[in-house]
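predicted structure and sequence below. I'll ask about it afterward.
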Amino acid sequence: MRGRFIVLEGGEGTGKSRLQHALHERLTAEGYRIDARREPGGTPLGERIRDLINADALGDDVAELLLFEAARAHLVERAIRPALAAGTHVMCDRFTASSVAYQSFGRLLDRALVEQANAIATRGLVADLTLLLDAPPGVGLARRQQGGALTHFDALPLAFHERVRDGYVELARESPSTWRVIDAARPFEAVFADAYAAVRGALGEPQPPAA
Ligand code: TYD
């Protein structure tokens, strides 16, 4: 049976990486075969593109979009699709919704253009479940100051991060059957409990060992 594709989304400092790490550890211990990936990155080319994007603001929103999409195309074809086809579940820290939230709602690129670019990069692969870690940008950005690698995205005006958040909330509202909104301003344990319940619901029982 094909694996399930789970995506974690949210603004800066909402705790996606920590949550993904904890979910992966717990699910693996329970016998699930599940890969953990992140965007941008996850393949050697993707990690190089990540360094490029994070080093400096590119100064052109379309160039930025296309770099994210190039990393995504590689990750989908080299890692995500083969894993799913082999019956392994995949969890990914950010996916196509990041481009809609950041490049369209945030940078104000036309949404249809961003969605077209997403469709090209993914060749139609969509997440079975997207968890939105939702918190006011002020909360997330304050957390980021205390730890974690800051990028030039963190330094963008609060209004940018407000638009990103609004974009995510709108996407969740449009697809209630495949999105769950989790209040990420709460302590980690509460966030983990909600996320774990949603992911377990989507995965069903652990797969039999790979042949
Ligand atoms: P990262 O260090 O991974 O940030 P985070 O820990 O918050 O995920 O840097 C990725 C940055 O790239 C983040 O600010 C969001 C941004 N981004 C986009 O603007 N568009 C995209 O399509 C993706 C995948 C990320």
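Arrived safely. Numbers count the residues shown, from 1 in each chain.

now Pro137: closest residue in space that isn't a chain neighbour?
Distances taken as CB to CB, 6 or more residues apart in numbering put His161 closest to Pro137, at 3.5 Å, once the chain neighbours are dropped. For glycine as for every other residue, the C-beta is placed from the backbone atoms N, C-alpha and C.

likewise for Gly46?
Once flanking residues are discounted, Gly46 sits nearest to Ala71: 4.1 Å by CB to CB, 6+ apart.

now do the contacts for the residue nearest to Pro137.
Gly11, Glu12, Gly106, Pro137, Gly140, Leu141 (CB atoms under 8 Å, 6 or more residues apart in numbering).

same question for Thr28.
Ile34.

hang on, Gly148 in a strand?
No: assigned with DSSP: H, G, I helix; E, B strand; the rest coil, Gly148 falls outside any strand and is coil.

got the contact list for the residue nearest to it when sequence neighbours are not counted?
Nearest non-adjacent residue to Gly148, counting by CB to CB, 6+ apart: Gly13, 7.1 Å away. By CB under 8 Å, 6+ apart, the residues touching Gly13 are Ala135, Val139, Gly140, Leu141, Ala142, Arg143, Arg144, Gly148.

that's a helix at the fifth one, yeah?
It refers to Ala142. Yes: counting by three-state DSSP, Ala142 is found in a helix.

low-confidence bits of this protein, can you list those?
211 (pLDDT under 70).

all helices in it, in order from the N-terminus.
16-29, 44-55, 61-75, 81-85, 96-98, 111-122, 137-146, 158-174, 188-203 (DSSP state H).

most packed of the ones you listed?
When the helices of the chain are scored by mean count of other CB atoms under 10 Å, the highest mean neighbour count falls to helix 96-98 (a mean of 24).

and this protein, which of its residues are near the ligand?
12, 16-17, 39-40, 54, 68, 94, 98-99, 102-103, 149, 151, 153 (CB under 6 Å from any ligand atom).

so how far is stretch 199-209 from its chain's centroid?
Mean C-alpha position of stretch 199-209 versus that of the full chain (CA atoms, centre = their mean, to the nearest Å) differs by 20 Å.

would you mind writing the CA trace of that stretch as CSV?
The C-alpha coordinates for stretch 199-209 follow below in CSV (Å, rounded to 0.1, in the frame of the first residue of the first chain):
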residue,chain,number,x,y,z
VAL,A,199,-1.0,11.9,12.4
ARG,A,200,-2.0,8.6,14.0
GLY,A,201,-5.5,9.1,12.6
ALA,A,202,-4.1,9.6,9.1
LEU,A,203,-1.5,6.7,9.3
GLY,A,204,-3.7,3.8,10.6
GLU,A,205,-1.8,0.9,12.1
PRO,A,206,2.0,0.4,11.6
GLN,A,207,3.0,-1.2,8.3
PRO,A,208,4.4,-4.8,8.2
PRO,A,209,8.3,-4.8,8.0
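
for that stretch, which outside residues touch it?
Contacts to stretch 199-209, defined as CB under 8 Å, 6+ apart, come from residues 1, 3-4, 6, 23, 27, 30-34, 87-89, 91, 128-129, 131.
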